[in-house]
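*Asks:* Okay, here's the prediction I keep looking at, along with the sequence it came from:
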Amino acid sequence: MTDLTALTLAEARDALKAKTFTAVELTDAYIDAMEKARVLNAYVTETPEKAREMARASDARIAAGKAGALEGLPLGIKDLYATKGVHTQACSHILDGFEPPYESTVSANLWADGAVMLGKLNMDEFAMGSSNETSHYGSVVNPWRRNGSDVNLVPGGSSGGSAAAVAARLCLGATATDTGGSIRQPAAFTGTAGIKPTYGRCSRWGLVAFASSLDQAGPIARDVRDAAILLKSMASVDLKDTTSVDIPVPDYEAAVGKSVKGLRIGIPKEYRLDGMPAEIDALWQKGIDILRDAGAEIVDISLPHTKYALPAYYIVAPAEASSNLARYDGVRYGLRVPGSDILDMYENTRAAGFGAEVKRRILIGTYVLSAGYYDAYYLRAQKVRTLIKRDFETVYAQGVDAILTPATPSAAFGIGEKADADPVEMYLNDVFTVTVNMAGLPGLAVPAGLSAEGLPLGLQLIGRPFDEETLFTLGSAVEKAVGTFSPAKWW
Amino acid sequence: MNMAVRTPDPKKLIKGATGDWEVIIGLEVHAQVTSNAKLFSGASAVFGAEPNMHVSLVDAAMPGMLPVINEECVAQAIRTGLGLKAAINLYSVFDRKNYFYPDLPQGYQISQYKQPIVGEGKVLLDMPEGVVEIGIERLHLEQDAGKSIHDQHPTMSFVDLNRSGVALMEIVSKPDLRSSEEVKAYLAKLRTILRYLGTCDGNMEEGSMRADINVSVRKPGEPLGTRCEIKNVNSMRFAAQAVEYEARRQIGIIEDGGEIDQETRLYDPGKGETRSMRSKEEAHDYRYFPDPDLLPLELDPAWVESLKAHLPELPDEKKARFVTAYGITAYDAMVLTLERASADYYEQVAKSRDGKAVANFMINELFGRLNKDGKGIEASPVSPAQLGAIVDLIGDGTISGKIAKDLFEIVYTEGGDPKKLVEERGLKQVTDTGAIEKAVDEVIAANPEKAEQAKAKPTLSGWFVGQVMKATGGKANPQAVNDLVKQKLGIE
């Protein structure tokens, strides 16, 4: 038998339907691959027994002709998603031993469609990070390496485990989440396709919250089609999340491969940063050329408040996080470090339980919400947010269908490389992606080529609210022109 | 009305060593919303379950849980706003009030800060000197916290989350109150309105109504003084006591040359005093910000209108109607309308009868008897039909007022049809003048000296009336006795 893990999700789906192999065989191939790739540290928990049990049930349903949309397809789940009875810690020490008695809506949707769970994926602690180095369970290693180098690189973050696992073929696809770029930046760093859908497209119920007004679930996948298939199953309106939106979920896969003729693509001048590496600029131009050649109309646009997005994001997100993370107090679940009284217990628990980056953001968030600072920081950042949103509304009102930008300002960097740097340098990784979260729009990262050092680089497509379909159409056009990218296996 | 225009009433001023002082009081009342489920979760909001039996994943703040607004709690807040003649804000926002406490699982309370669901309204108080209007500043919805229990273990505290997430309405008055009597009257009136609306049971013992009381003092006409907030007072009596104590404490400090520290205080009913809980410096910075898990609350005006259309008649309106429709005094109408159930009872009886007679009998006999037993009108053993029958028997002269009391007691304790009881037990008023005449003759014959005195001093005839009533077991028609006595004694 050929290596089953080489297939895309769509190919595996079709093969299972054709009974070329069984779900159990497919699942075993992944369990085997996971065991051999532990050096990548992509999974924090493997659930092979559960996976085989689910695969057996899938085989039974396939045999009975009752296969779901994702029947028998093995997936990895980001540790941010609550999975019933299975390790759910957002890769934080403070949630030690936490196994929820409930399943997140998005993962429940996947299981309802027949998918198989392989385990929980590594991530930056509470999704705070752009390199997966803040995880309590250690860094994830990017399966990609620079040409002729054995230096371990970061996979990006916060969904670093998801991106690495998909790129290294340790699952057919993975769930991820994106608050400021946590799906798109790691996808770009690993040559995978990742989409952050419109805010409200997927339920946040059962997702450990980072910044509630920005958090959104989405998939990371081998290619655009796989991402479309996964999003179709993940998305739903949910009565348990009043910020989820009741709009029918379209057949995203049908949008893949459609013609881009006549679509108007905006190129925002504000995304051309000073000191941006030439190859990022070249990649962007390549994307423009591909879409123009495919029949799209390219228009220059302006999103004037772009430069305020990153600072405003680093006020809004920490503010919400400082409140969302207040529940980790050692009283009801997770870590408890005893103290002389209740206050002492809180302080000991939170001091030991949170990592440095999480503490930094709690401090920032607490500060910007404090009496006397609220107006100057939080309120002003919210006003900036409104302006950013308006920037997009204006260009969409002018007939722009989607916006093309680079996904990241650089390729993947080395683990530990930025350890001594100013934290702001790490935050700059999100410079192209945070605007999308601030405006609640969908954004797709699609691989578009390799850097001179042989590392994947990605482009970002930003769409109208709830128009993920156009992004899948455009993404597949880029993909058709440049192909897909896989790392050489060294592990 | 507000503090600027309310003229100081000399009778309400407190005498100090340096002159008269005016007490300025504002109240924040936390009223538990009557609803089956909590404000943001489906868990039961019913009081009295075993600890931690009414706790959902949301109430326990499990990771990834999200609040979902309970429509009925919103409707209750709107009804209450309408009952307070207040502006309903069609757009309001839920905020997070952040602080750490073990009985606050989320680490924040979901409340409404800058944009509450209800704006300005008013409450009218029936005070001896007349009607006093107290302004309502706002009403907002918020979650209650759980309960910390400190007396179950030598070194640990326990937490009961049954109350965690239960819906509260915080009703904030303007600083319009001027005395402990007004505080009591305000709390009583608010309770009456809430109970009429069915939006809060007003049960202060169970904690479903609690008050934070802001008190300051000033010389009449001077600017407002520094206020102290007395937290969590759970009875009307304690509220009045706390205000009295706090006002005198503040006056004492100022008159001794000191200054009032703005602080939060607690009232100790055992010692009858307030004591400092935390100073302004120790006050929390709650870091309020809009809850990103909840969209702003936007109300459909048509829905608000339909809630308004289905609002019950409120105590003030009912009182006014009783005065005109039944010809009773404003005071009697107020007493009868304190509870909706009493008012309903009254109307059932008074519908086809003399409203005054019914009011008198209800207030003097029924309420008095129920009070003695600590019973509410709902638990009255005498039904409106039975009470009506008794009033009818007095009205048509079948029984005297005195016998009516005895008959009422029989119906109250044993039950039965008043009309039949009168027959069976021979309680009928004797109107047969022959029988009464005989009794009068006998009493006069037995007391010749008194009869002579009475002829000279007619007011003494009352003694004879009493003797005749006694002799007839109270069944004689008092008017007939009176007439006959006078006639026989010749003192017409």
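*Replies:* Great, that's in hand. Residues are numbered from 1 along each chain as shown, chains lettered A, B, ... in the order given.

*Asks:* tell me the contacts of the closest residue to chain A within the stretch 101-250 of chain B?
*Replies:* Residue nearest to chain A within the stretch 101-250 of chain B: residue B:107 (2.3 Å; CB to the nearest CB). C-beta here means a position set from N, CA and C on the backbone, and glycine is covered the same way. Residues near residue B:107 by CB atoms under 8 Å, 6 or more residues apart in numbering or on different chains: A:323, A:325-327, A:329, B:61, B:98-100.

*Asks:* for residue A:374, same thing?
*Replies:* Applying CB under 8 Å, 6+ apart to residue A:374 gives the contacts A:368, B:287-289.

*Asks:* now do 10 Å
*Replies:* A:319, A:368, A:380, B:285, B:287-289 (CB atoms under 10 Å, 6 or more residues apart in numbering or on different chains).

*Asks:* Among those, which one has the most neighbours?
*Replies:* Using other CB atoms under 10 Å in any protein chain shown as the neighbour test, those are led by residue A:319, with 27 neighbours.

*Asks:* Show me which residues of the strand or helix carrying that one are buried.
*Replies:* For residue A:319, the host element (DSSP states H and E) is helix A:309-324. Buried residues in helix A:309-324, defined by neighbour count with 16 or more other CB atoms under 10 Å in any protein chain shown: A:309-310, A:312-324.

*Asks:* now swap in stretch A:23-35 and tell me
*Replies:* Quick answer for stretch A:23-35 (16+ other CB under 10 Å): A:23-24, A:26-31, A:33-34.

*Asks:* ok, and of the residues you listed, which contact chain B?
*Replies:* By CB under 10 Å from any CB of the partner chain, no member of the buried residues of stretch A:23-35 lies near chain B.

*Asks:* Touching, residue A:424 and residue A:310? I think so.
*Replies:* Yes. Counting by CB atoms under 10 Å, residue A:310 is a contact partner of residue A:424 at 8.9 Å.

*Asks:* Could you list the contact residues of the stretch 101-250 of chain A toward chain B?
*Replies:* Going by CB under 10 Å from any CB, the residues of the stretch 101-250 of chain A near chain B are A:101-102, A:104-105, A:126, A:200, A:203-209, A:211-215, A:238-244.

*Asks:* Output the below-cut-off pLDDT ranges for chain A.
*Replies:* For chain A, applying pLDDT under 70 flags the ranges A:1-2.

*Asks:* which one of the buried residues of helix A:309-324 is nearest residue B:423?
*Replies:* Nearest to residue B:423, judged by CB to CB, of the buried residues of helix A:309-324 is residue A:323 at 74.9 Å.

*Asks:* residues in contact with that closest one?
*Replies:* Here residue A:323 is in contact with A:209, A:211-212, A:362, A:365-366, A:369, B:96-98, B:106-108, B:287, B:289, B:291-293 (CB under 10 Å, 6+ apart).

*Asks:* where's it relative to residue A:167, distance?
*Replies:* 35 Å (CB to CB, to the nearest Å).

*Asks:* Then residue B:61?
*Replies:* 36 Å.

*Asks:* Equivalent analysis for residue B:361, please.
*Replies:* Taken as CB to CB, the span from residue B:361 to residue A:167 is 89 Å.

*Asks:* Please apply the same query to residue B:39.
*Replies:* Distance from residue B:39 to residue A:167, by CB to CB: 45 Å.

*Asks:* Output the below-cut-off pLDDT ranges for chain B.
*Replies:* B:1-5, B:431, B:492.

*Asks:* Show me the longest helix that occurs in it.
*Replies:* Ranked by number of residues, the top helix in chain B under DSSP state H is helix B:236-255.

*Asks:* can you map out the helices along the stretch 1-150 of chain B?
*Replies:* B:71-83 (DSSP state H, counting those that start in this stretch).

*Asks:* residues from it in reach of chain A?
*Replies:* Counting by CB under 10 Å from any CB, the stretch 1-150 of chain B sits next to chain A at B:40, B:42, B:57-58, B:60-69, B:96-108, B:148.

*Asks:* May I see the buried residues of stretch B:42-58?
*Replies:* Under 16+ other CB under 10 Å, the buried positions of stretch B:42-58 are B:43-45, B:54-58.

*Asks:* Tell me how far the residue sitting nearest the centre point of chain B lies from residue B:311.
*Replies:* Centroid-nearest residue in chain B: residue B:188, 3.4 Å away (criterion: CA atoms, centre = their mean). Using CB to CB, residue B:188 is found at 21 Å from residue B:311.

*Asks:* which residues sit in contact with residue B:260?
*Replies:* Here residue B:260 is in contact with B:215-217, B:225-228, B:249-251, B:253-254 (criterion: CB under 10 Å, 6+ apart).

*Asks:* re earlier: going by neighbour count, which residues in the helix or strand that comes right after the helix holding residue A:319 are buried?
*Replies:* Following helix A:309-324 in sequence order, the next helix or strand is helix A:342-353 (DSSP H and E). Neighbour-count burial for helix A:342-353 flags A:342, A:345-346, A:348-350, A:353 (criterion: 16+ other CB under 10 Å).

*Asks:* For burial, what's the neighbour tally of the nearest residue to residue A:237 once chain neighbours are set aside?
*Replies:* Counting by CB to CB, 6 or more residues apart in numbering or on different chains, residue A:237 lies nearest to residue A:246, which is 4.2 Å off, once chain neighbours are set aside. For residue A:246, the neighbour count with other CB under 10 Å is 9.

*Asks:* next one: the one 10 residues further on
*Replies:* Neighbouring residues of residue A:256 were enumerated by other CB under 10 Å; the total is 23.

*Asks:* For chain B, give me its nearest residue in the stretch 51-200 of chain A.
*Replies:* Closest point on the stretch 51-200 of chain A to chain B, by CB to the nearest CB, is residue A:82, at 4.9 Å.

*Asks:* Neighbour count: residue B:361 and residue A:167, which is higher?
*Replies:* residue A:167 (27 against 22).

*Asks:* got the angle for the helix or strand harbouring residue B:278 vs helix B:236-255?
*Replies:* Assigned by DSSP H and E, residue B:278 falls within strand B:273-279. Between the axes of strand B:273-279 and helix B:236-255, defined by axes from the mean of the first three to the mean of the last three CA atoms, to 10 degrees, the angle is 70 degrees.

*Asks:* returning to that earlier point: buried ones among the residues of the stretch 101-250 of chain A next to chain B?
*Replies:* Judged by 16+ other CB under 10 Å, buried ones among these: A:102, A:104-105, A:126, A:200, A:203-209, A:211-215, A:238, A:240-244.
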